[in-house]
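# Have a look at this prediction, sequence included:
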Amino acid sequence: MSAPVVSPWKQFQTKKEAYLAYANPWEKKIGSFLSFRPETPAPATPGPLAGLPFGVKDNIAVEGFPLTCGSKMLANVISPYDATVVARLKAAGAVVIGKTNLDEFGMGSSTDNSALGVTHNPWDITRVPGGSSGGSAAAVAAGLVPFALGTDTGGSVRQPASFCGVYGFKPTYGVLSRYGLTAYASSLECPGILSADLALVQSVFEAARGRDLNDQTSLDYEPQAPRPVKTIAVLGDLSDLHPDVRAVYDQTLGHLKALGYTLLTVNLPSLEFAVPAYYTIATAEASANLARFNGIRYGHRPVYSENHEDLVRKSRTEGFGNEVKTRIMLGTYVLRSGFQDQYYTKAQKVRTLIRRDLQKVFDQADLLLSPTFPTPAFVHGDQTMTEFQQKLADKSTVTANLAGVPALSFPAGLSSGLPIGMQLTAPAFGEPRLFEVAAQFATRVPVVPCPGTSLDWSK
């Protein structure tokens, strides 16, 4: 294992050359950014995050940067404005230095679905960084930025955080504004935060949260009255775990008991239906949201077309990748007349059932613990982890999106040389509980830096 180098962030503030000497070889190795501009950062303003650079997933608007969504459809689009979360972080003093890679329009669990680049896991470049916020997770794990923004529709912040050994935080739906986030599944997705420093996750959250008049789904943050966490619920049936994940999960239970928490075994009967309900709702919303990308006002335009209909057909055929086309087709199907009640309406009823089952859990316990993902980071092109298998593996993460509640993936240990994350889920506005337990857990299991990197963000 290589010895950690001097913190690049101490150098970023004063010696640009030293930072670039650290960052450029790592970025060349892992490909976490689609656009990377550390040479000419905007001047920092005073604030709680003054001078801290950060990366932004390339489906969130940053003025003057590309807004590609990892797609050929938007490969030439430059954003004329900042998303609200970006504007608030800039106002707090943070500086955007790049846009990170992602699965096209946020659809995937590996970042291998990006049409514009390949991102590798810093722990093992033969493996995926997870998705769809894989570029953000990889950039943080490699020490290129102290934190990064992602988006979480069904685990797209938490799963790559698990694969790359960092924290991945999804807040209560509406607490972080969605204005400036390119919509995929509007009722499920929200901005999220990735960092190897839990305190920094909290600081970024505090700077970015709150109601936004540009987003009618946004909420004022109303944290629950503080109380110490005593009881953590755990799921009774976890038979589908990879042996390495199982080993770290069992160790996690031991650490939590040693910290004084009471573990309560519970069942979530509706969990069996979470994945089909999630993908029914998500694809239906994707079909509607992506209808505007047709090459007329903006987006990929074919070299030649016979007429308006031919232009739209060619634009979408050439501009969208296979996964996006698949989800649009599925969403269009479940919204068809005669099928909507059979699929979409039924999925929404399951969503309500999941929300009620979770509330029953939170009536008995303060938090719910589960593995973030049932496997460690898998190898690029792994034939056992097909797109279908990746979707089935989202069972633990999609539940928080369906219910609109906060969840945090935290580094829980290493197995076979790879990081494994565990997930804590809280009731709405229960973010302080997540941070409290994760901080306590880190006193027993500190975050392990990726070999050859530095995770010391001190100034």
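That came through, no problem.

# Okay, strands next: where are they in this structure?
33-36, 53-57, 95-100, 147-152, 167-170, 190-195, 231-235, 262-266, 367-371, 407-415, 418-425 (DSSP state E).

# just these: most buried one?
strand 167-170 (a mean of 32; mean count of other CB atoms under 10 Å). In this view, the C-beta of every residue, glycine as well, is placed from N, C-alpha and C.

# Show the secondary-structure elements that that strand is packed against.
Counting contacts by 3 or more CB pairs under 8 Å, 6 or more residues apart in numbering; DSSP states H and E, strand 167-170 packs against strand 147-152, helix 158-164, strand 190-195, helix 198-208, strand 407-415.

# how about the strands of the chain in TSV, adding mean pLDDT?
Below are the strands of the chain laid out as TSV (pLDDT from 0 to 100):
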stretch	mean pLDDT
strand 33-36	98
strand 53-57	97
strand 95-100	96
strand 147-152	98
strand 167-170	98
strand 190-195	98
strand 231-235	97
strand 262-266	97
strand 367-371	98
strand 407-415	98
strand 418-425	98
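
# With respect to residue 448, which of the ones you listed lies nearest?
strand 407-415 (6.1 Å; CB to CB).

# Output that closest one as PDB, restricted to C-alpha atoms.
In PDB, the C-alpha atoms belonging to strand 407-415 read as follows (Å, rounded to 0.1, in the frame of the first residue of the first chain):
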ATOM      1  CA  ALA A 407     -30.600   7.900   4.200                       C
ATOM      2  CA  LEU A 408     -26.800   7.800   4.600                       C
ATOM      3  CA  SER A 409     -24.300   5.200   3.300                       C
ATOM      4  CA  PHE A 410     -21.200   5.200   5.500                       C
ATOM      5  CA  PRO A 411     -17.900   3.300   5.100                       C
ATOM      6  CA  ALA A 412     -18.200   0.200   7.300                       C
ATOM      7  CA  GLY A 413     -15.000  -1.600   6.600                       C
ATOM      8  CA  LEU A 414     -12.900  -3.500   4.000                       C
ATOM      9  CA  SER A 415     -13.200  -7.000   2.700                       C
END
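
# Adjust the sequence numbering to begin at 343 for everything that follows.
Sure, I'll start counting at 343 from here, so that last one is strand 749-757.

# Against which helices or strands is it packed?
Secondary-structure packing of strand 749-757 (3+ CB pairs under 8 Å, 6+ apart): helix 500-506, strand 509-512, helix 585-600, strand 760-767, helix 773-786.

# gap between that strand and the chain center?
Centroid separation for strand 749-757 versus its chain: 14 Å, with CA atoms, centre = their mean, to the nearest Å.

# cool, and stretch 758-770?
Between the centre of stretch 758-770 and the centre of its chain there are 13 Å (CA atoms, centre = their mean).

# Which helix runs longest in the protein?
Among the elements of the chain assigned as helix by DSSP state H, the one spanning the most residues is helix 688-706.

# Buried ones in it, by neighbour count?
Across helix 688-706, burial judged by 16 or more other CB atoms under 10 Å covers 688, 689, 690, 692, 693, 695, 696, 697, 699, 700, 703, 704.

# Stretch 542-550 too?
Buried residues in stretch 542-550, defined by neighbour count with 16+ other CB under 10 Å: 542, 543, 544, 545, 546, 547, 549, 550.

# Provide a list of residues in contact with the fourth one.
Contacts for residue 545 (CB atoms under 8 Å, 6 or more residues apart in numbering) come out as 390, 391.

# Now do stretch 494-508: distance to the chain's middle.
From the chain centre to the centre of stretch 494-508 is a distance of 5 Å (CA atoms, centre = their mean).

# Endpoints of it, how far apart?
With CA to CA, to the nearest Å as the measure, stretch 494-508 spans 15 Å from end to end.

# ok, back up a step: turn the strands of the chain into CSV, including distance to residue 673.
Shown next, in CSV, are the strands of the chain (distance: least, CB to CB, whole Å):
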stretch, distance to residue 673
strand 375-378, 26
strand 395-399, 22
strand 437-442, 26
strand 489-494, 18
strand 509-512, 22
strand 532-537, 20
strand 573-577, 30
strand 604-608, 33
strand 709-713, 28
strand 749-757, 25
strand 760-767, 26
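
# just so I know, which of those strands lies nearest residue 478?
The minimum distance between residue 478 and the strands of the chain falls on strand 489-494, with 3.7 Å, by CB to CB.

# thinking again about what came up before, could you list the residues in contact with the longest helix of the chain?
573, 575, 606, 608, 610-613, 615-616, 618-620, 622-623, 676, 710, 741, 744-747, 767-769, 772.

# Okay, angle between that helix and strand 709-713 too, please.
120 degrees (axes from the mean of the first three to the mean of the last three CA atoms, to 10 degrees).

# Send over helix 688-706 as PDB, restricted to the C-alpha atoms.
Extracted in PDB, the C-alpha atoms of helix 688-706 (Å, rounded to 0.1, in the frame of the first residue of the first chain):
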ATOM      1  CA  LYS A 688     -50.700  -0.100  -8.700                       C
ATOM      2  CA  ALA A 689     -47.100   1.000  -8.200                       C
ATOM      3  CA  GLN A 690     -48.200   4.200  -6.500                       C
ATOM      4  CA  LYS A 691     -50.300   2.100  -4.100                       C
ATOM      5  CA  VAL A 692     -47.300  -0.100  -3.300                       C
ATOM      6  CA  ARG A 693     -45.400   3.100  -2.700                       C
ATOM      7  CA  THR A 694     -47.900   4.100  -0.100                       C
ATOM      8  CA  LEU A 695     -47.700   0.700   1.500                       C
ATOM      9  CA  ILE A 696     -43.900   1.000   1.700                       C
ATOM     10  CA  ARG A 697     -44.200   4.400   3.400                       C
ATOM     11  CA  ARG A 698     -46.600   2.900   6.000                       C
ATOM     12  CA  ASP A 699     -44.400  -0.100   6.600                       C
ATOM     13  CA  LEU A 700     -41.400   2.100   7.200                       C
ATOM     14  CA  GLN A 701     -43.400   4.300   9.600                       C
ATOM     15  CA  LYS A 702     -44.200   1.100  11.600                       C
ATOM     16  CA  VAL A 703     -40.500   0.400  11.800                       C
ATOM     17  CA  PHE A 704     -39.800   4.000  13.000                       C
ATOM     18  CA  ASP A 705     -42.500   3.700  15.600                       C
ATOM     19  CA  GLN A 706     -40.300   1.000  17.200                       C
END
